[in-house]
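Participant: when you get a sec, could you give me coordinates for this:
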Amino acid sequence: MKTITLASAQATELLDITSDLHNAVAEAGIEEGVCSVFCLHTTSCLIVNENEHGLKQDFEAVVRDLLPQAPFRHDCVDNNARSHLTAGIVGCNVMIPVHEGRLVLGTWQSVFFVELDGPRPRRSVAVQVIPCA
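Facilitator: Residues are numbered from 1 along each chain as shown. Predicted structure coming up:
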C-alpha cells in the first residue's frame, strides 16, 4: 500500500491525483489488476472526471450547494456537517483497472481528491494496486 499526501488551499477544491496514481502503479510493478484508491477522511471524497478548469469550478460550486444550510445536529460539534454529508453522498473510493502496467482511464478522465472542509495542510489517500490472478 502507498499513501498519497496532499494539502488543500480552499474550502472546496478539486486536486488532480492522477499522476500520483500512475506512479503508484509503476512502483507496484503489476501488469494486470486493479488500483484501489481510498480517501482517509470523512470530509473529503474522490471522483473521476475531466480536468477542465470550468468543469472543476462547476463541480466545486455544485458540491458547495448540494445540501442546504440547515441546523444539522453535527454542527454543534465542529460546524462541518455539510462536508461530512456531501462526502457520504459522493463517495470515498474509486477502483481503476490496470492493464499492461497502466491505469485504464478514458481520454478525458482524471482522478480527483475533493476537499470539502478546507483548507487543510495534510490530507491522505490510500492506494493499493492489486494483481489479478
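
Participant: and the next helix or strand past the longest helix along the chain?
Facilitator: Longest helix in the chain, counting residues (DSSP state H): helix 53-65. Beyond helix 53-65 on the C-terminal side, the first helix or strand identified by DSSP states H and E is helix 75-78.

Participant: tell me how far the nearest residue to Ala26 once chain neighbours are set aside lies from Ala126.
Facilitator: Once flanking residues are discounted, Ala26 sits nearest to Gly101: 7.1 Å by C-beta to C-beta, 6 or more residues apart in numbering. To be clear about C-beta, it is placed using only N, CA and C from the backbone, and glycine gets the same treatment. Distance, Gly101 to Ala126, using C-beta to C-beta, to the nearest Å: 21 Å.

Participant: shaky segments in this structure?
Facilitator: Low-confidence segments of the chain (pLDDT under 70): none present.

Participant: now with 90?
Facilitator: Low-confidence segments of the chain, defined by pLDDT under 90: 63-71, 75-76, 133.

Participant: quick one: the strands in it?
Facilitator: 2-6, 13-16, 33-39, 44-50, 93-99, 102-103, 109-115, 123-131 (DSSP state E).

Participant: packing partners of the fourth one?
Facilitator: When you say that, I think you mean strand 44-50. When contacts are defined as 3 or more C-beta pairs under 8 Å, 6 or more residues apart in numbering; DSSP states H and E, strand 44-50 packs onto strand 33-39, helix 53-65, helix 81-90, strand 93-99, strand 109-115.

Participant: repeat the analysis, applying 6 Å as the threshold.
Facilitator: strand 33-39, helix 81-90, strand 109-115 (3 or more C-beta pairs under 6 Å, 6 or more residues apart in numbering; DSSP states H and E).

Participant: hey, which of the ones you listed is tucked in deepest?
Facilitator: Burial of the helices and strands packed on strand 44-50 is given as mean neighbour count (mean count of other C-beta atoms under 10 Å); strand 109-115 ranks first at a mean of 22.

Participant: off-centre distance for that one?
Facilitator: 5 Å (C-alpha atoms, centre = their mean, to the nearest Å).

Participant: how about that strand as CSV, C-alpha atoms only?
Facilitator: Output of strand 109-115 as CSV, limited to C-alpha atoms (Å, rounded to 0.1, in the frame of the first residue of the first chain):
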residue,chain,number,x,y,z
GLN,A,109,-10.7,11.0,-17.3
SER,A,110,-8.7,12.2,-14.3
VAL,A,111,-9.0,11.2,-10.6
PHE,A,112,-9.6,14.0,-8.1
PHE,A,113,-9.4,14.3,-4.4
VAL,A,114,-12.3,16.6,-3.5
GLU,A,115,-11.7,18.8,-0.5
